[in-house]
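Trainee: sequence first, predicted coordinates after that:
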2 protein chains.
Amino acid sequence: MVPYDRCFRTLANPLRIRIIELLKKRPMAVGELSKQLNAERSKVSHALKKLKECNFVESERRGKYNIYSLTKSVLNDVKVKGNIFDVIKTHVEKYCKNKRRCRV
Amino acid sequence: MVPYDRCFRTLANPLRIRIIELLKKRPMAVGELSKQLNAERSKVSHALKKLKECNFVESERRGKYNIYSLTKSVLNDVKVKGNIFDVIKTHVEKYCKNKRRCRV
DNA sequence: ATAATATGTGAAAATAATTTCACATATGGT
DNA sequence: ACCATATGTGAAATTATTTTCACATATTAT
C-alpha cells in the first residue's frame, strides 16, 4: 500500500543527497567522496551502502579502489532530465512502486 | 547546500504518504482521516502538523471540525500531473530548494 | 451551564537512524 | 613477506523520530 517511503527515507539525509549530487559529475572512489564531502570515511561507506540498496548507485572494483557511480538508469535520467527530482521521481517509480518496496 | 532533505524526511513515513494519497481524493477532517487510516487520532494530528509545516497540506476550521486538504499548489499539481511524484517534485522545488529549507 | 465531540499538544516512553570506532579484508608496492 | 592504503562492517554510543497518553481548548447540543 505504501511502498515508497523507504526510498524517501534514503533521501532524507543530507549526506546521501550530497553524494548523489557529487556522483552526477563523475564516478568517484570512497576516499575521494569522503574528502570532497569532508565527511568521515566510514560514514560515507555506510551512506553508500544505503544508496546502493536502493539502486541509486553501484560500485566497481578498480584495483584497491571501489569506484561508485550513479546507476545506469539514474545516470541516464540525469543526462536527459538534468534535475535531481525528475531523476528521483523516475527512479522511485521504477524501483519502489511495487509491493515489495525498494529492491535490495 | 542541501536544502531538500527535510522535505524528503517528511515523506519518509508511510502514514504521511498515505495521508497525502487520501487527501488527493478530497478534503477531510482529522477524525475521518484517522478512521480511514485506522490510525490513532493524535498520531494523525502529529503527522498533519509536519505535512503542514512543509506546505503539503493546509487546514480550515469548519465548526468543530478541522478540514485538511492538499495545498492549492499541490492540489493543482495533482490535477495536472496525476502522479504523486510529479507533485512532490514540483512542490519540493518550490518550497525546499532555497537556502532556508522547507519554510515553516 | 454541562456534557459530548473534535482536535491539538507537550512530554515521556519506545523505536529507529546516525555516528563513531575498532577491527577485518583486499590490493599494491617495496 | 611486510607494510601502507582503501574500503567494508558490526556494534556500541549518540541522536532523532515516532508513538502514546494525559490533558487543554474549542465548538455544538441539550
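Mentor: In hand now; what should we look at?
Trainee: interface residues of chain A facing DNA strand C?
Mentor: A:9, A:12-13, A:15, A:40, A:42-43, A:46-47, A:50, A:61, A:63-64 (C-beta under 7 Å from any atom of the strand). To be clear about C-beta, it is placed using only N, CA and C from the backbone, and glycine gets the same treatment.
Trainee: most surrounded residue in those residues?
Mentor: Highest neighbour count within those, by other C-beta atoms under 10 Å in any protein chain shown: residue A:47, with 24 neighbours.
Trainee: check which helix or strand covers that residue.
Mentor: Using DSSP states H and E, the element containing residue A:47 is helix A:41-53.
Trainee: tell me the helices and strands packed up against that helix.
Mentor: helix A:5-11, helix A:14-25, helix A:30-37, strand A:57-62 (3 or more C-beta pairs under 8 Å, 6 or more residues apart in numbering or on different chains; DSSP states H and E).
Trainee: next, the angle strand A:57-62 makes with it.
Mentor: 120 degrees (axes from the mean of the first three to the mean of the last three C-alpha atoms, to 10 degrees).
Trainee: ok, and the closest non-adjacent residue to residue A:71?
Mentor: Once flanking residues are discounted, residue A:71 sits nearest to residue A:58: 5.0 Å by C-beta to C-beta, 6 or more residues apart in numbering or on different chains.
Trainee: ok, that neighbour - how many residues close by?
Mentor: The number of residues packed near residue A:58 is 16, by other C-beta under 10 Å.
Trainee: excluding chain neighbours, give the residue nearest to residue A:37 in space.
Mentor: Leaving aside its sequence neighbours, residue A:37 sits nearest to residue A:18 (C-beta to C-beta, 6+ apart; 5.8 Å).
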